[in-house]
Structures are given as C-alpha cells and as structure tokens.
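Peer 1: turn this into a structure:
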Amino acid sequence: SQDYVKALQLYEQSAELGFSDALVKMGDFYRYGRGVDQQPIKSYRYYRLAASEGNRNAMTQLVQNYTCGIAKKPNSEKSEQWKQRALYEGAGKILKAEVRRLLFSKDEKQQQEGMRLVKRRVKENDRGAMVLQAIAYKQGLGREANLLNAEDSINRAIAAGEGQSEGLVAAAKAFMNPDEMGQDYARALKYLEQALRLGDPEAGYELGKVFYKGAASVPQNLKNAQLFFRFSADRGYTDGMRKLGELLIENEKTQSEGEEWLRKAASSGDIESMLILARYYLPKAGQERDFSKSRQWLDQAKATYLCDPEDQKSYTEVAMQLQSLGLKGDDATRFLREAAEKGDTKAMRTLALQFISTPKPTKKAVEEGIAWLEKAAATGDTEAMMQMGHLYSAGLVVEPSASKAREWWEKAAKAGNAEAQRMLAVDVKPIN
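Peer 2: Numbers count the residues shown, from 1 in each chain. Model (predicted):
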C-alpha cells in the first residue's frame with residue numbers, strides 16, 4: 001500500500017544513517033513483503049547489520065533465521081550463538097522464553113540458572129521478570145517457596161511508574177494460570193481493568209479472551225469479548241486484530257469488516273491470520289470451486305515461513321481440505337509436500353499414500369511413498385508404522401514379508417499404539 005511505500009522511504013533514510021531500529025524495520029519490510037517484494041536475503045542483511053550494532057530485536061530475528069532456515073540454511077550452531085548473545089544483551093522475547101524454559105524444567109540447576117537471569121532483569125526494573133520471580137517464590141522453583149516474597153514481587157510489578165501496565169498484564173496472566181500464581185480470576189480481572197484504563201492493548205486482548213471463552217465466575221459474553229478485542233485491535237495489537245476478525249467473520253452482517261481486520265493482522269506478518277483467511281475462503285457447499293483466494297493466503301503463509309508447530313499443523317489441515325474439495329494434480333501435491341517438508345507427519349502419510357495408492361504406481365512413486373512413510377515413522381508416528389506393517393503384510397507395492405510386517409507392528413506397539421498392541425496380543429498373522 002501507499003502507507004508502506006512512504007514508511008519504507010523514511011526508514012530507508014534513517015537506516016542509511018546507521019540507526020539500528022530503522023535497520024530492523026527495513027529487515028521487516030523485506031521479510032514480510034510490506035510495500036516491496038519479499039526478499040529473505042536482503043532482509044537478513046539488514047538484521048545482521050542491526051545486530052552488529054547491538055540491536056536486541058535484530059538478534060532475535062537472526063535466531064529465527066537460523067532456526068527456521070529463512071534466508072540461510074538451518075544452522076543450529078549459529079542459532080545457538082545468536083541466542084546466547086541475545087540472552088547476554090537481554091533480548092526480550094528470547095530471554096522470556098529461555099527463563100520460562102529454565103524455571104519450569106524439572107532440573108534444580110536449570111531452575112537456579114533461570115532465577116539468576118530473573119534477578120538480573122529485576123535489577124533492570126523488568127516488570128515481567130518481577131512476576132516470574134513471584135511465580136518462583138510461590139511454586140518453590142530454584143529456591144524454597146515463600147508466599148510473602150511472592151506477594152512482595154507482585155506488588156513491585158504492579159506499582160505505579162514506567163511499565164506499570166506491562167506488570168499488571170503479566171500479573172493478571174499469572175493469576176489465571178493454576179500452575180503459576182493459582183487461579184484467582186477476581187484478582188486477574190482487577191489488574192486487567194487497571195491496565196485497560198492505562199490504555200494497554202494487551203489488557204484488552206486478555207479481557208476479550210476471558211469473555212470469549214468464559215471462566216470461573218465469568219460467564220461467556222461475546223458482546224463484551226468483541227468490545228475488548230476491538231479496543232486492542234484499534235491500538236494496533238496484532239492478536240486483538242486477529243481475534244476481532246475471527247469473531248466478525250462468523251456473522252454474515254460483519255464478515256467484510258472481519259476480513260479487513262484479518263488482512264491487517266496478516267499484513268503485519270501474522271501467519272495465523274493468513275491461515276484463518278485461507279480456511280475462510282475454502283469453497284462452501286453450493287459455491288463454485290474457486291480455490292484462488294484460499295491458495296493465495298496459503299502461499300503467503302508459506303512464504304512468511306512456518307516455524308511454529310501449530311502453524312504447520314494448521315497449514316497442513318487447510319492444504320488437505322483443499323485437496324479433499326477437489327484441488328487435484330501438481331497443486332495438491334505441492335501443498336502436501338511443503339507441509340511434509342516442514343515436518344508434519346500427517347502430511348507425510350497423506351503424501352505417501354498419494355504416491356503408492358494409484359492403480360499402477362511407478363517404481364519411483366513407490367520409492368518416494370515408502371520414503372515418506374519411513375520418515376514419518378522415524379519421528380515416532382505410530383500410524384505410519386502401522387501402515388508400513390500393513391504394506392508388508394499384504395504385499396502392497398512391496399515384496400510381502402511376514403517378519404517385516406511384524407517388526408513394524410511391534411515398533412508401533414512399543415510406541416503405545418493400541419491397535420498394534422491388540423493385534424500382537426491375539427497374535428494376528430500377516431496375510432502372507
């Protein structure tokens with residue numbers, strides 16, 4: 001859009017002067033294709049320059065680059081190097097994720113390391129870290145439980161001053177989680193309402209979620225949920241835009257507004273919104289089978305890089321729905337292959353069956369189908385193990401082998417597959 005083009009020009013000028021935040025913004029423009037074509041390599045160069053200037057957000061992007069293989073091939077060593085540097089610099093997202101991982105591990109030494117990082121951030125007046133410290137005192141993570149210290153940490157997190165709304169929201173979320181500060185919705189709602197009065201968009205989003213689902217002592221109220229999601233969306237909070245869009249497209253009278261909010265969220269790089277739109281545009285009963293819009297959003301999600309397992313799962317589900325609705329040939333295979341290559345075992349199995357279940361599969365098709373089933377089985381997928389067993393049992397596209405069939409069924413049983421366990425218990429013999 002014109003807005004992105006103008007913003008790009010302004011950030012480009014600032015980037016040329018060496019401002020690291022502007023370099024990160026330029027990286028975002030080229031990563032997500034905002035006002036320009038997507039160029040992952042160019043995006044990576046901007047992030048690399050900004051990271052060399054000590055920019056924490058750029059370091060976070062480089063970790064994701066090397067983890068997901070966005071501009072460079074996946075490289076766990078380089079991803080870990082940038083992660084450690086980001087942790088040292090105190091990069092928000094990475095630090096929070098790492099602290100939570102350490103604190104909630106079962107290993108006492110890791111919990112203590114998590115507390116060391118928390119203390120460091122508390123000294124820097126990080127409100128979220130104060131809430132994590134409270135959780136550690138409450139649950140006895142990396143130290144003995146101490147309820148008085150837990151309460152003191154919460155009070156520090158929500159005290160008036162810079163960052164108060166962040167502390168209020170973090171505390172509210174902790175009080176809605178039974179594994180953190182225990183479920184106390186009255187207290188959580190009180191904190192969220194305080195943050196809302198301070199104009200915090202995340203508080204609006206969290207309140208919207210409470211009323212959308214309903215909770216203890218809080219009945220479901222979709223009208224209130226919509227009001228709070230709108231508060232969040234109007235202030236540019238991506239999750240709020242997405243949830244508001246989801247709510248609005250469920251009503252025929254507000255569908256077009258819902259689509260607009262989802263597009264706004266998608267334009268900020270939100271893959272979940274892209275996948276919701278892809279699913280929304282799937283042909284409905286009685287409609288022409290026009291897959292173009294659904295394919296467009298699925299392609300955009302793929303181009304934005306699916307790193308999160310839940311996003312990968314959603315991508316696969318939409319791709320398989322497209323196929324079941326009549327998308328045929330190379331298009332269907334392409335979507336399944338992309339999902340399979342991202343590690344989705346259901347896509348691997350479906351793709352495998354697509355190769356081997358044709359009336360007269362070629363040798364190459366059989367080999368590729370078997371390879372995908374074996375790859376799925378190697379991840380621990382017991383359905384793939386069962387299918388391999390059935391292929392060898394019946395001699396379908398492979399030489400029949402009772403021993404190999406039983407071997408695959410035993411693997412599935414050992415991995416917990418109930419059907420395989422029943423078959424072996426009654427000594428079901430392979431067909432051949």
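
Peer 1: and stretch 87-102, C-alpha only, in CSV?
Peer 2: Written as CSV, here are the backbone C-alpha positions of stretch 87-102 (Å, rounded to 0.1, in the frame of the first residue of the first chain):
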residue,chain,number,x,y,z
LEU,A,87,20.5,-13.6,26.2
TYR,A,88,23.6,-11.7,27.2
GLU,A,89,22.2,-8.4,25.8
GLY,A,90,18.8,-9.1,27.4
ALA,A,91,16.7,-9.5,24.3
GLY,A,92,13.1,-9.6,25.5
LYS,A,93,11.4,-12.4,23.6
ILE,A,94,14.3,-14.8,23.7
LEU,A,95,15.1,-14.0,27.3
LYS,A,96,11.5,-14.6,28.4
ALA,A,97,11.3,-17.9,26.6
GLU,A,98,14.6,-19.1,28.0
VAL,A,99,13.8,-18.0,31.5
ARG,A,100,10.5,-19.8,31.4
ARG,A,101,12.1,-22.9,30.0
LEU,A,102,14.7,-23.0,32.8
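
Peer 1: and it, which residues are buried?
Peer 2: 87, 91, 94-96, 98-99, 102 (16 or more other CB atoms under 10 Å). In this view, the C-beta of every residue, glycine as well, is placed from N, C-alpha and C.

Peer 1: cool, stretch 135-149 as well?
Peer 2: Buried residues in stretch 135-149, defined by neighbour count with 16+ other CB under 10 Å: 135-139, 141-142, 149.

Peer 1: over to stretch 293-306?
Peer 2: 294-295, 297-298, 300-302, 304-306.

Peer 1: any stretches of the stretch 51-200 of the chain with poor pLDDT?
Peer 2: 90-92 (pLDDT under 70).

Peer 1: now do the helices in it.
Peer 2: With helices called from DSSP state H, counting those that start in this stretch, the stretch 51-200 of the chain shows them at 56-68, 76-89, 92-103, 108-123, 127-139, 147-157, 164-175, 185-197.

Peer 1: pretty sure E206 is touching V169, no?
Peer 2: Yes: in this structure, E206 is within contact of V169 by CB atoms under 8 Å, at 6.4 Å.

Peer 1: returning to that earlier point: tell me which of the helices of the stretch 51-200 of the chain sits nearest to S324.
Peer 2: Nearest to S324, of all those, is helix 56-68, at 28.2 Å by CB to CB.

Peer 1: and the closest one, C-alpha only, in CSV?
Peer 2: The C-alpha coordinates for helix 56-68 follow below in CSV (Å, rounded to 0.1, in the frame of the first residue of the first chain):
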residue,chain,number,x,y,z
ARG,A,56,18.3,-7.0,20.5
ASN,A,57,15.3,-7.3,18.1
ALA,A,58,17.7,-8.0,15.2
MET,A,59,19.4,-10.7,17.2
THR,A,60,16.0,-12.4,17.9
GLN,A,61,15.3,-12.3,14.1
LEU,A,62,18.7,-13.9,13.4
VAL,A,63,17.9,-16.7,15.8
GLN,A,64,14.7,-17.4,14.0
ASN,A,65,16.5,-17.1,10.6
TYR,A,66,19.0,-19.8,11.5
THR,A,67,16.4,-22.0,13.3
CYS,A,68,13.8,-22.0,10.5
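
Peer 1: now do that helix against helix 92-103, angle only.
Peer 2: 60 degrees (axes from the mean of the first three to the mean of the last three CA atoms, to 10 degrees).

Peer 1: what does helix 56-68 rub up against?
Peer 2: 20-21, 23-24, 27, 31, 44, 46-51, 70-72, 74-76, 78-79, 82-83, 85-86, 89-94, 305-307 (CB atoms under 8 Å, 6 or more residues apart in numbering).

Peer 1: can I have the buried ones of these as a ChimeraX selection?
Peer 2: Selecting only the buried entries of the contacts of helix 56-68 in ChimeraX, with 16+ other CB under 10 Å as the criterion:
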select :20,23,24,27,31,44,46,47,48,49,50,51,70,71,78,79,82,83,85,86,91,94,305,306
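
Peer 1: hang on, the earlier thing: ok, of the buried residues of stretch 87-102, which one's closest to E338?
Peer 2: For the buried residues of stretch 87-102, the nearest to E338 is I94 (27.3 Å; CB to CB).

Peer 1: just checking, the closest one touches Y88?
Peer 2: No: under the criterion of CB under 8 Å, I94 is not in contact with Y88, lying 10.4 Å apart.

Peer 1: ok, Q133 - contacts?
Peer 2: 115, 118-119, 122, 153.

Peer 1: again with R127
Peer 2: Contacts of R127 by CB under 8 Å, 6+ apart are 157-158, 163-164, 166-167, 170.

Peer 1: so D184 touches F175, yeah?
Peer 2: Yes: using CB under 8 Å, D184 is in contact with F175, at 4.7 Å.

Peer 1: now the contacts of R127 in CSV, with neighbour count and distance to Q64?
Peer 2: Below are those laid out as CSV (neighbours: other CB atoms under 10 Å; distance: CB to CB, whole Å):
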residue, neighbour count, distance to Q64
A157, 27, 28
I158, 22, 31
G163, 15, 25
Q164, 17, 30
E166, 21, 23
G167, 27, 27
A170, 27, 23
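
Peer 1: any chance of those residues in JSON lines, with distance to G236 too?
Peer 2: Converted to JSON lines, those look like this (distance: CB to CB, whole Å):
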{"residue": "A157", "distance to G236": "24"}
{"residue": "I158", "distance to G236": "24"}
{"residue": "G163", "distance to G236": "19"}
{"residue": "Q164", "distance to G236": "20"}
{"residue": "E166", "distance to G236": "16"}
{"residue": "G167", "distance to G236": "21"}
{"residue": "A170", "distance to G236": "20"}
